[in-house]
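> okay, here's the prediction I keep looking at, along with the sequence it came from:
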Amino acid sequence: MTGSRRAVWREAAVVESIPSTSRSRVLRLQAPGWPGSLPGQHVDVRLTAEDGYQAVRSYSLGLAGDGESIELGVAEVPDGEVSPYLVHDIAPGDALEVLGPLGGYFVWHEDDPSPVQLIAGGSGIVPLRAMARARVAAATSQPFRLLVSVKTPEDAIYREDLEVLGADGGVDLTWAYTRAAPEGWKGRAGRVTAEILDAAVWPVAEDPLIFVCGPTGFVEFVARTLVARGHPAGRIKTERFGGA
Amino acid sequence: MAVFSRGFGERRRESDPRLPPGQYLTEDFPVLSAGPTPDIDTGEWRFTIRTETGDDTTWTWDELQALPIEDIDTDIHCVTRWTKLGTSWRGVSLDTLFEGIDTSVEYAMAHSYGGYTTNIPLEDLLGGQAWIAFEFDGEPLDPEHGGPARLLVPHLYFWKSAKWLRALVLTEHDDPGFWEQNGYHLHGDPWTEERYW
């Protein structure tokens, strides 16, 4: 995967559809000719109705690597047009089209020796999970920390997978819950605070490379707080979704 | 290509002739930035046009505000496929800012506070097509959306409308800016879907 191949629309078939939460799903696709992707990249997905009507949306890839299989983590957008179909309706054997991989900046490169800090809000976990998985696949030893903020444990896409990465995948995993925490959890449910960031994020002296992905308000707060703590703005890469 | 997605299309949106191909309508104003939002004090703010000979013309915030201010009603199109119709802005036309600028080159690189860059041909910046905008919807432009002032080039995909604008550097060649080096098209016309290279 060189990243320099011109992106073209490719036909893809749904191979597996795995419910992740009540409002999100992991879709595995097979796309002949797909050139593979780097961790953090995304893809455009095009759906065509039987009368020719089309709609296109961008989704983050939940798994990077060579080969012709594609993994999407899709969260349902309320009143959405495409995501409800992908989360509730599409099934193995169904067809769609993909264009990508896209984006060359919000990407983790396995030869970068920096410690890595991943910070996710809600479905912002999807590209960060691809990075944590890529570290395992590359068998490299950069230390990774991951802070995941979700409403409740039931809202966490890739929850079990992240627990595995936290247990033996070399990722130092911290959960934060904004609405309701699981029983026996020591913290208090609420929005991520500067104190939570201080406890979970690499100190400035470690010069971490930081990836933040989530809703706009979440990313704004996290990035501003980290800059105020002394992290160089150029070391903080962000992806935001939703209006402001 | 006949690739149909079984059962898709029940929740389809209204089509609209103002919608470029491959775009969908949004009522929100999504934010896309590659890094943290910079804090810029208008007392410290400067905007500079640098010509190919290295001559700088610089405006302070007050000097910008003293220029003729225009109301701009326009649709905006993001390469991530949302389009927002009927947005209203206020700002200063680049035609006004370029009145005293002497140049014979054809391209510009926009530079932002925070380090962002994007390349734009001068022919897309002049002729009533581009502004430095500092108000959105009757309010000072939010930092998240590029305040205190951003470039507004609404006939191109919105990544060309550089947030937190600091300078335009005029150049002989059309060198790629930040997103253009990261997979996006050199020009970015939404009506011909100049999205990716």
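Yep, that arrived.
> OK, contacts around the residue sitting nearest the centre point of chain A?
Closest to where the C-alpha atoms of chain A average out (Cα atoms, centre = their mean) is residue A:126, at 1.8 Å. Residues near residue A:126 by Cβ atoms under 8 Å, 6 or more residues apart in numbering or on different chains: A:59-62, A:72-73, A:157-158, A:213. In this view, the C-beta of every residue, glycine as well, is placed from N, C-alpha and C.
> switch those residues over to CSV; also include secondary structure and pLDDT.
Converted to CSV, the contacts of residue A:126 look like this (DSSP: H, G, I helix; E, B strand; the rest coil; pLDDT from 0 to 100):
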residue, secondary structure, pLDDT
A:59, strand, 94
A:60, strand, 95
A:61, strand, 97
A:62, strand, 97
A:72, strand, 96
A:73, strand, 94
A:157, coil, 95
A:158, coil, 96
A:213, strand, 97
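> pLDDT weak spots in chain A?
A:1-6, A:242-244 (pLDDT under 70).
> next: chain B.
For chain B, the ranges with pLDDT under 70 are B:1.
> strands along that one, start to end?
B:24-25, B:46-50, B:56-60, B:70-77, B:82-93, B:107-112, B:117-121, B:131-136, B:139-140, B:150-152, B:165-171 (DSSP state E).
> please enumerate the helices of chain A.
For chain A, the helices defined by DSSP state H cover A:83-84, A:125-138, A:159-168, A:194-200, A:216-229.
> list the buried residues for the second one?
Of all the residues in helix A:125-138, those buried under the rule 16 or more other Cβ atoms under 10 Å in any protein chain shown are A:125-135.
> export that helix to CSV, keeping only CA atoms.
Extracted in CSV, the C-alpha atoms of helix A:125-138 (Å, rounded to 0.1, in the frame of the first residue of the first chain):
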residue,chain,number,x,y,z
ILE,A,125,-13.0,5.0,18.3
VAL,A,126,-13.2,3.4,14.8
PRO,A,127,-10.0,4.8,13.2
LEU,A,128,-8.1,4.7,16.5
ARG,A,129,-9.0,1.0,16.9
ALA,A,130,-7.4,0.5,13.4
MET,A,131,-4.2,2.1,14.8
ALA,A,132,-4.2,-0.1,18.0
ARG,A,133,-4.7,-3.2,15.8
ALA,A,134,-2.0,-2.1,13.4
ARG,A,135,0.5,-1.9,16.3
VAL,A,136,-0.3,-5.5,17.2
ALA,A,137,0.0,-6.6,13.6
ALA,A,138,3.3,-4.9,13.1
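> can you count the residues close to residue 74?
With no chain named, the answer covers chain A. 28 (other Cβ atoms under 10 Å in any protein chain shown).
> wait, chain B was what I had in mind.
When neighbours are counted by other Cβ under 10 Å, residue B:74 comes out with 17.
> from the contacts of residue A:126, which single one is nearest residue A:38?
Ranked by distance to residue A:38 (Cβ to Cβ), the contacts of residue A:126 are led by residue A:61 at 9.0 Å.
> my guess is the closest one contacts residue A:131. True?
No - contact criterion Cβ atoms under 8 Å: residue A:61 and residue A:131 do not qualify, at 10.6 Å.
> just to revisit the earlier point, which among the strands of chain B is found nearest to residue A:150?
strand B:82-93 (24.9 Å).
> what is the closest one packed up against?
strand B:24-25, strand B:70-77, strand B:131-136 (3 or more Cβ pairs under 8 Å, 6 or more residues apart in numbering or on different chains; DSSP states H and E).
> output the ones you listed in a markdown table; the columns should cover distance to residue A:103.
Formatted as a markdown table, the helices and strands packed on strand B:82-93 follow (distance: least, Cβ to Cβ, whole Å):
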| stretch | distance to residue A:103 |
| --- | --- |
| strand B:24-25 | 19 |
| strand B:70-77 | 18 |
| strand B:131-136 | 26 |
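> to chain A, which of these lies closest?
strand B:24-25 (6.6 Å; Cβ to the nearest Cβ).
> and the closest one, which strands flank it?
strand B:82-93 (parallel) (DSSP bridges).
> mean neighbour count, the strands of chain B: which tops it?
Of all the strands of chain B, strand B:150-152 carries the top mean neighbour count, a mean of 26, counting by mean count of other Cβ atoms under 10 Å in any protein chain shown.
> may I have the strands that pair with it, each with its orientation?
strand B:131-136 (antiparallel).
> and the contacts of the strand it pairs with?
B:47, B:64, B:70, B:72, B:87-94, B:97, B:140-142, B:145-152, B:165.
> could you say which of the helices of chain A is packed most deeply?
Neighbour counts (mean count of other Cβ under 10 Å) averaged over each of the helices of chain A peak at helix A:125-138, with a mean of 23.
> check contacts around the nearest residue to residue A:224 once chain neighbours are set aside.
Closest residue in space to residue A:224, ignoring its immediate chain neighbours: residue B:36 at 6.2 Å, by Cβ to Cβ, 6 or more residues apart in numbering or on different chains. Under the criterion of Cβ under 8 Å, 6+ apart, the neighbours of residue B:36 are A:223-224, A:226-227, A:233, A:236, A:238, B:114.
> redo those as CSV? Include distance to residue B:9.
Shown next, in CSV, are those (distance: Cβ to Cβ, whole Å):
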residue, distance to residue B:9
A:223, 38
A:224, 41
A:226, 43
A:227, 44
A:233, 43
A:236, 40
A:238, 34
B:114, 41
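> of these, which is the nearest to residue A:101?
Closest to residue A:101, out of all of the contacts of residue B:36 and judged by Cβ to Cβ, is residue A:238, at 18.8 Å.
> for that closest one, what are its contacts?
Per Cβ under 8 Å, 6+ apart, neighbours of residue A:238: A:106, A:211-213, A:219, A:223, B:33-36.
> what of residue A:27?
With Cβ under 8 Å, 6+ apart, residue A:27 has these contacts: A:14, A:16-18, A:71-72, A:74, A:86, A:90.
> which of those are buried? Put it as a PyMOL command.
Selecting the buried subset of the contacts of residue A:27 in PyMOL, with 16+ other Cβ under 10 Å as the burial test, is done by:
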select buried, chain A and resi 14+17+71+72+74+86+90
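> which pair of the contacts of residue A:27 spans the longest distance?
A:71 and A:90 (14.1 Å).
> once you drop chain neighbours, what's closest to the residue lying farthest from the centre of chain A?
Farthest-out residue of chain A from its mean C-alpha position, per Cα atoms, centre = their mean: residue A:51, at 33.0 Å. Computed as Cβ to Cβ, 6+ apart, the closest residue to residue A:51 that is not its neighbour in sequence is residue B:9, at 7.1 Å.
> how does chain A divide up, domain by domain?
What the record gives for chain A is the domain set A:9-102, A:116-241, from automatic domain parsing.
> can you give me the end-to-end distance of the longest one?
Between the opening and closing residues of domain A:116-241 there is a gap of 22 Å (Cα to Cα, to the nearest Å).
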